[in-house]
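# below are the sequence and a predicted model for it; my questions follow.
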Amino acid sequence: MTMLAYIPSPSEGVWHLGPLPLRAYALGIIIGALVAIWIGERRYQARGGRAGIIGDVAIWAIPFGIVGARIYHVATDPELYFGEGRNALDVFLIWKGGLGIWGAVAGGALGAYIACRRYGVSFSAVADALAPALLVAQAIGRIGNYFNQELFGKPTDLPWALEISPEHRPSGYLDQATFHPTFLYELLWNLAAAALIIAIDRKFRLTNGRAFALYAMLYTAGRFWIEQLRIDEANHVALFGADVRFNVLTSVVVFLLALTWFVVARKRPAAPADEGAVQDVRSDRD
């Protein structure tokens, strides 16, 4: 019996239901979002929040997050869309990949903040409820990278190496066949981080955005070392005297900001999850 010494890549990432294309990349994002809403809703209600709020917030957060993710990707990799031989209209072809996580977080947070203000609920409570849910959603979304044969790492012959088709290999690696499956590393890291947040939250009851800050710290810690393995084209900056990928610098900055908030927020009094519900109770008493 012959055993494969690598993980084969899918031959295609798009299936057609009649004239309708079903793309694995988009499907992963949709499923991830639905799972995140389900997890976040359960956690939010457990914190005293109204049923249905997370779904209402998601209606705002998801489109804002997608736009933010695309803006971040295009802003940090403009050479992929502008210049000689490039078509600027490709900026809008998000189904081909290219969504930056920090743009998604920033855009999604803005949309969520607007929604929380409209519905009279605590933004930090919503963020804390969604913290592990976002990691699970990101893990599911990484499956789309597998079908697109993208975001892989350096060549390797490890038993879990990922086979990449020649047309998807970057220049300089055409004679290499198997690479580190960095999408898989991040997927597993995210699931482990989500489980850790849930465990810590159950023991210490993280409030005031501290669960979300822990999400940011754990994710960036994983992203920091995973980025060291990737070989796809990316902009580089100087960090501690070394030439590193821009996403590595972003991870360091976000980690430090999240750590600062995690420490500072510890001394703040916890806000009620559902400010609107509290106001309704006060009104009834009056």
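That came in fine, so what should we check first? Numbering: from 1, shown residues only.
# averaged pLDDT, stretch 41-52. What do you get?
Mean pLDDT, computed over stretch 41-52, is 93.
# show the end-to-end separation of that stretch, please.
7 Å (CA to CA, to the nearest Å).
# report the buried residues of it.
41, 43, 44, 45, 47, 49, 50 (16 or more other CB atoms under 10 Å). C-beta coordinates here come from the backbone N, C-alpha and C atoms, glycine included.
# ditto for stretch 141-161
Neighbour-count burial for stretch 141-161 [16+ other CB under 10 Å]: 141-153, 155-156, 161.
# ok, stretch 13-27 next?
So stretch 13-27, judged by 16+ other CB under 10 Å, has buried residues 13, 23, 24, 25, 26, 27.
# figure out how far whatever helix or strand residue 109 lives in is from the centre of its chain.
Taking DSSP states H and E as the definition, residue 109 sits inside helix 101-119. Between the centre of helix 101-119 and the centre of its chain there are 14 Å (CA atoms, centre = their mean, to the nearest Å).
# same check on stretch 59-67?
Mean C-alpha position of stretch 59-67 versus that of the full chain (CA atoms, centre = their mean) differs by 13 Å.
# CA atoms only: put it into CSV for me.
Only the C-alpha atoms of stretch 59-67 are listed here, as CSV (Å, rounded to 0.1, in the frame of the first residue of the first chain):
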residue,chain,number,x,y,z
ILE,A,59,-25.8,42.7,9.4
TRP,A,60,-23.7,45.8,9.8
ALA,A,61,-20.3,44.3,10.7
ILE,A,62,-20.0,41.8,7.8
PRO,A,63,-20.3,44.2,4.8
PHE,A,64,-18.1,46.8,6.6
GLY,A,65,-15.6,44.0,7.3
ILE,A,66,-15.5,42.8,3.7
VAL,A,67,-14.9,46.3,2.4
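# what comes up buried for that stretch?
So for stretch 59-67, counting by 16+ other CB under 10 Å, buried means 60, 61, 62, 64, 65, 66, 67.
# need the max-distance pair from the buried residues of stretch 141-161.
141 and 155 (25.0 Å; CB to CB).
# just the ones of the buried residues of stretch 59-67 in helices?
60, 61, 62, 64, 65, 66, 67 (DSSP state H).
# let's see the pLDDT reported for the third one.
What the model reports for residue 62 is a pLDDT of 93.
# quick one: residues contacting it.
For residue 62, the contacting residues are 33, 108, 111, by CB atoms under 8 Å, 6 or more residues apart in numbering.
# wait, what's in contact with the second one?
It stands for residue 108. 61, 62, 64, 65, 68.
# turn those into a markdown table, including distance to residue 204.
Putting those into a markdown table (distance: CB to CB, whole Å) gives the following:
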| residue | distance to residue 204 |
| --- | --- |
| 61 | 26 |
| 62 | 30 |
| 64 | 30 |
| 65 | 28 |
| 68 | 30 |
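# so where's this structure shaky on pLDDT?
Along the chain, segments meeting pLDDT under 70 span 1-4, 95-97, 271-273, 275-286.
# helices or strands up against the longest helix along it?
Among the segments of the chain that qualify as a helix by DSSP H, the longest is helix 123-148. Judged by 3 or more CB pairs under 8 Å, 6 or more residues apart in numbering; DSSP states H and E, the packing partners of helix 123-148 are helix 24-46, helix 53-76, helix 101-119, helix 182-204, helix 210-227.
# in TSV: those helices, plus distance to residue 239.
Supplementary listing: these in TSV, determined by distance: least, CB to CB, whole Å:
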stretch	distance to residue 239
helix 24-46	30
helix 53-76	15
helix 101-119	16
helix 182-204	19
helix 210-227	11
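# most tightly packed of these?
helix 210-227 (a mean of 22; mean count of other CB atoms under 10 Å).
# tell me the angle it makes with helix 123-148.
Relative orientation of helix 210-227 and helix 123-148, computed by axes from the mean of the first three to the mean of the last three CA atoms, to 10 degrees: 30 degrees.
# what's the next secondary structure element after helix 210-227?
strand 236-239.
# no more questions from me, cheers.
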